[in-house]
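Chemist: Provided below are the primary sequence and the corresponding predicted coordinates.
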Amino acid sequence: MNFLDALYLEKTMSGTSTGTKWLAHKGRRKIIASSPVDGEAFAGIHKATPADYEHVMAQAEVAFPLWRALPAPKRGEIVRQIGLRLRDFKLPLGTLISYETGKPLQEGLGEVQEVIDICDYCVGQARMLYGMTTVSERPDHRLFEQYHPLGIVAIITAFNFPVAVWGWNAMIAAICGDVTVWKPSSKAPVSAIAVQKIIARVLEHNGLPEGIFSLLIGDRNTIGEKLLIDRRIPLVSFTGSVDSGRIVAQKVGVRLGKTILELGGNNAMIITEHADLRLAIPAVVFGAVGTAGQRCTTTRRLLVHGSCYDDVKKHLCRAYGSLKIGNPLLEANHMGPLIDKDAVKVFRKAVKAIINQGGTILFGGNILKNLEYSSVCYVEPTLAEVESHYPIVRKETFAPILYLIRYEGGIENAIALNNQVDQGLASAIFSTNHNQIETFLSARGSDCGIANVNIGTSGAEIGGAFGGEKDTGGGRESGSDSWKAYMRRQTVTVNYGSSLPLAQGIKFVIQEEGERS
Ligand code: UN1
């Protein structure tokens with residue numbers, strides 16, 4: 001396959017890198033990377049051992065003070081060069097992401113673009129690590145805040161965005177002066193290796209030491225666990241399920257480490273009686289079937305006003321009927337496979353639960369067989385008519401299943417349904433009515449970290465802070481002021497006067513020996 005050669009990937013590779021150097025991989029156990037697109041095993045990756053972990057961490061500890069000492073705009077320059085190199089490799093890397101995860105090529109390319117965008121963003125942000133200056137209540141005192149690099153940041157990413165989520169975290173951490181240790185999902189290790197090889201050239205070219213951007217591919221129970229309990233790591237940024245996030249929060253919390261949690265979503269889109277359906281229908285379909293429903297921002301619940309419910313249902317059934325499912329590398333196909341057999345099992349179980357709990361499958365619900373490939377990971381995009389109280393509707397099922405739910409009455413009823421689930425990542429409203437839109441955006445509106453108007457729930461731009469509330473974990477990544485979580489915040493009070501007034505007017509007088517007599 002040409003794209004593997006273009007990315008300098010081999011049949012068997014080490015899964016451990018300190019940035020510029022790969023650790024010897026003899027005698028290590030292997031992960032076999034196979035593609036859900038055609039079922040082919042296309043690479044073997046040697047997993048990191050506990051000794052490899054220690055080596056990587058030792059290099060990261062040495063690198064941190066060196067990297068921290070570079071002025072932030074100089075760190076931004078390295079990130080700029082990474083962005084340029086990613087541009088050169090956009091096509092083969094996007095193709096690999098598509099092949100390894102099963103997402104359509106357009107989305108694979110979009111994912112690489114997301115990293116390029118965050119690199120560009122970080123070049124500017126590197127010159128804007130602002131602290132606030134405020135006024136002191138004491139005379140001749142100055143009060144201000146500053147931000148310092150934090151240390152070693154662990155980045156644990158999921159299979160569905162094997163490159164972009166690393167980018168949001170690692171590029172921001174890099175300009176903040178942190179060094180990063182990345183543990184990608186074992187379900188998408190090859191994309192991570194490809195990225196590591198791309199950035200290694202930039203690090204070498206600039207004569208940078210080992211340990212600035214490290215990679216550790218290994219098991220959750222060995223490498224993953226170590227990252228959580230290691231006091232040398234002040235911040236763990238974790239993307240994954242709510243259940244795993246709870247474990248991460250507890251393990252890192254016990255040692256009072258910081259976390260950025262980007263966990264599951266159960267995202268709703270509201271279509272009111274004032275919606276422009278020409279915008280809403282394609283937004284729903286992309287939101288529900290994009291990445292085969294395996295985004296944390298996927299549209300899972302569609303809340304439709306009774307007055308346009310039948311119309312929306314008819315349009316959606318027609319749109320779903322026109323979708324093409326198959327090899328995601330072919331442009332004509334809208335949806336590729338799920339990531340693996342386990343994901344297909346979860347899909348099948350959810351379809352059964354929908355029916356058992358009283359729902360109706362309006363479209364799909366089946367596993368696709370007899371495609372031209374040996375892969376067994378293709379399923380039908382599925383549309384189900386349900387009621388919002390079904391237990392299955394309250395869960396995030398990482399599959400292309402869209403729940404159609406009718407609501408009656410005013411916008412507050414739709415907002416109540418939007419907010420009734422445990423997760424709080426993304427939400428959207430389609431309406432042309434000012435009052436409805438502003439109510440949705442108000443304090444009594446959507447309780448999610450992302451609230452969109454007349455666009456879908458997924459596909460966020462990098463410039464905003466990305467993350468959600470409630471069981472989504474509360475973390476924020478990517479743009480806006482998310483960088484602050486990757487830095488050590490310090491409040492400074494400077495006395496430039498000749499007396500020592502205490503805050504709150506407290507008097508504390510010491511008379512020294514000589515003064516008493
Ligand atoms: C994820 O699914 O973990 O907003 C991230 C989006 C993408 C990122 C999704 N930019 O859909």
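Modeler: Yep, that arrived.

Chemist: Any buried residues in stretch 298-313, and which?
Modeler: If you call a residue buried by 16 or more other Cβ atoms under 10 Å, then stretch 298-313 has these buried ones: 298-305, 308-309, 312-313. In this view, the C-beta of every residue, glycine as well, is placed from N, C-alpha and C.

Chemist: Mark which of these are part of strands, please.
Modeler: Using DSSP state E to define strands, the subset of these located there is 299-305.

Chemist: how about a markdown table for these, with distance to the ligand added?
Modeler: Output for these, formatted as a markdown table (distance: Cβ to the nearest ligand atom, whole Å):
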| residue | distance to the ligand |
| --- | --- |
| 299 | 10 |
| 300 | 12 |
| 301 | 16 |
| 302 | 17 |
| 303 | 19 |
| 304 | 22 |
| 305 | 25 |
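
Chemist: Among these, give me the pair with the biggest separation.
Modeler: Largest separation among these by Cβ to Cβ: 300 and 305, giving 18.5 Å.

Chemist: Enumerate the residues of the stretch 1-150 of the chain near the ligand.
Modeler: Listed as neighbours of the ligand in the stretch 1-150 of the chain under the rule Cβ under 6 Å from any ligand atom: residue 114.

Chemist: hey, where'd the helices end up in the stretch 1-150 of the chain?
Modeler: 2-6, 50-69, 72-88, 90-101, 105-125 (DSSP state H, counting those that start in this stretch).

Chemist: Pretty sure residue 444 sits against residue 415.
Modeler: Yes: at 7.2 Å, residue 444 counts as touching residue 415 under the criterion of Cβ atoms under 8 Å.

Chemist: Between these two, which has more neighbouring residues?
Modeler: residue 415 (24 against 11; other Cβ atoms under 10 Å).

Chemist: and that one, that's in a helix?
Modeler: Yes: membership of residue 415 in a helix is supported by DSSP: H, G, I helix; E, B strand; the rest coil.

Chemist: From what I see, it and residue 442 are in contact.
Modeler: No: if you go by Cβ under 8 Å, residue 415 and residue 442 don't touch, sitting 9.3 Å apart.

Chemist: List the buried residues in stretch 24-31.
Modeler: Quick answer for stretch 24-31 (16+ other Cβ under 10 Å): 25, 28, 31.

Chemist: now those in JSON lines, with pLDDT?
Modeler: Listed next are the buried residues of stretch 24-31 as JSON lines, based on pLDDT from 0 to 100:
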{"residue": "25", "pLDDT": "74"}
{"residue": "28", "pLDDT": "88"}
{"residue": "31", "pLDDT": "96"}
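
Chemist: ok, these vs the ligand, which is closest?
Modeler: residue 31 (21.2 Å; Cβ to the nearest ligand atom).

Chemist: Excluding sequence neighbours, find me the nearest residue to that closest one.
Modeler: Excluding the flanking residues, the one nearest residue 31 by Cβ to Cβ, 6 or more residues apart in numbering is residue 45, at 4.7 Å.

Chemist: Would you mind measuring from the spatially most central residue of the chain to residue 224?
Modeler: Closest residue to the average C-alpha location of the chain: residue 165 at 4.4 Å, with Cα atoms, centre = their mean. Going from residue 165 to residue 224 by Cβ to Cβ, to the nearest Å gives 15 Å.

Chemist: One more: residue 85?
Modeler: 29 Å.

Chemist: Could you report the distance from the closest residue to the ligand within the stretch 301-450 of the chain to residue 467?
Modeler: As assessed by Cβ to the nearest ligand atom, the ligand sits closest to residue 426 within the stretch 301-450 of the chain, at 7.2 Å. For residue 426, the distance to residue 467 (Cβ to Cβ) stands at 10 Å.

Chemist: between these two, who's got more neighbours?
Modeler: residue 426 (32 against 27).

Chemist: from what I can see that one touches residue 264, true?
Modeler: No: between residue 426 and residue 264 there is no contact under Cβ under 8 Å: 11.0 Å.
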